[in-house]
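**Student:** here are the coordinates; sequence isn't available:
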């Protein structure tokens, strides 16, 4: 079983719509959680950290559910430039980040 | 602007060759990492280093070694390349946390990757 699991998608989203997707993790002792964004043939870049109380960054909202061991990302008012693969990242401890395989989002005009 | 530079974008090698992948960062970061990324598997950590001449095994170190002689440079070595090492290799760096440990809530800065094909 993978330590971090994501629906690979693709999630096809009309421009302006809302899309949300989850990521589950297996290690209940995980400490830190992140969403990274990776454009096609580019390197991953940090999108946002995920805090226990949930947090927003503009059109992006991240939530953490420790009881059910998942994190979620919601994108409101989708833009064409939001098309990318979103990587769920979980830190079980020192120096180690566990990456999910990514969820592909395609925003269509 | 911060920068992590990987020496090659594409590399083609033959089975059994010794392969060097170089990574240089200009941010004075203590921590450096090597990942490989394969479709459906995500990024997997090969090795990381939190100081010059220090290294720690990641999740998949077999068949690889690393070298950190200078703070800004972290090299990944494939001693005898095999076809199952065909992959995208990503180098990353991050600043040091407390007690000499990498901060787990600190962002990683990635290089643009090296697509290695072993024939």
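**Tutor:** Received it, and whenever you're ready, just let me know what you need. Keep in mind that this is a model prediction, so the values were computed, not measured.
**Student:** When you work out contacts or count neighbours from here on, use the C-alpha atoms and nothing else.
**Tutor:** Will do.
**Student:** where's stretch B:30-43 relative to the chain centroid, distance-wise?
**Tutor:** Computed by CA atoms, centre = their mean, to the nearest Å, the chain-centroid distance of stretch B:30-43 equals 8 Å.
**Student:** Now do the same contact list for residue 78.
**Tutor:** Just so you know, I chose chain A. Residues touching residue A:78, when contacts are defined by CA atoms under 8 Å, 6 or more residues apart in numbering or on different chains, comprise A:13, A:14, A:15, A:16, A:17, A:18, A:19, A:107.
**Student:** please go with chain B instead
**Tutor:** When contacts are counted by CA under 8 Å, 6+ apart, residue B:78 touches B:18, B:19, B:20, B:63, B:64, B:65.
**Student:** Report the beta-bridge partners for the closest residue to the fifth one other than its chain neighbours.
**Tutor:** By the measure of CA to CA, 6 or more residues apart in numbering or on different chains, the closest residue to residue B:64 outside its immediate chain neighbours is residue B:78, 4.9 Å from it. Applying DSSP bridges to residue B:78 gives these bridge partners: residue B:19, residue B:64.
**Student:** Could you tell me the per-residue confidence at residue B:78?
**Tutor:** Residue B:78 is assigned a predicted lDDT (pLDDT) of 97.
**Student:** Please tell me how far it sits from chain A.
**Tutor:** In this view, residue B:78 and chain A are 22 Å apart by CA to the nearest CA, to the nearest Å.
**Student:** Report the beta-bridge partners for the residue nearest to residue B:10 when sequence neighbours are not counted.
**Tutor:** Nearest residue to residue B:10, sequence neighbours excluded (CA to CA, 6+ apart): residue B:115, at 4.8 Å. Beta-bridge partners of residue B:115, counted by DSSP bridges, are residue B:10, residue B:88.
**Student:** burial count for residue B:115?
**Tutor:** 19 (other CA atoms under 10 Å in any protein chain shown).
**Student:** Surely it touches residue B:85?
**Tutor:** No - with contact taken as CA atoms under 8 Å, residue B:115 and residue B:85 are classed as non-touching, separated by 10.4 Å.
**Student:** what bits of the chain have low per-residue confidence?
**Tutor:** Looking at chain A here, since you left the chain open. Counting by pLDDT under 70, chain A shows low-confidence ranges at A:93-95.
**Student:** I was thinking of chain B, sorry if that wasn't clear
**Tutor:** Scanning chain B for pLDDT under 70 picks out B:1-2, B:96-106.
**Student:** Excluding chain neighbours, what is closest to the residue of chain B found nearest chain A?
**Tutor:** Among residues of chain B, the one nearest chain A by CA to the nearest CA turns out to be residue B:42. It sits 3.6 Å away. The shortest distance from residue B:42 to any non-neighbouring residue, by CA to CA, 6+ apart, is to residue A:101 (3.6 Å).
**Student:** what's near enough to touch that neighbour?
**Tutor:** With contacts defined as CA under 8 Å, 6+ apart, the neighbours of residue A:101 are A:4, A:5, A:6, A:8, A:87, A:88, B:39, B:40, B:41, B:42, B:43.
**Student:** in chain B, which spans are strands?
**Tutor:** Listed in chain order, the strands of chain B (DSSP state E) span residues B:4-6, B:10-13, B:19-25, B:31-38, B:42-49, B:56-57, B:64-70, B:73-78, B:87-94, B:109-110, B:114-118.
**Student:** which residues does residue B:3 contact?
**Tutor:** Taking CA under 8 Å, 6+ apart, we find residue B:3 in contact with B:25, B:26, B:27, B:109, B:111.
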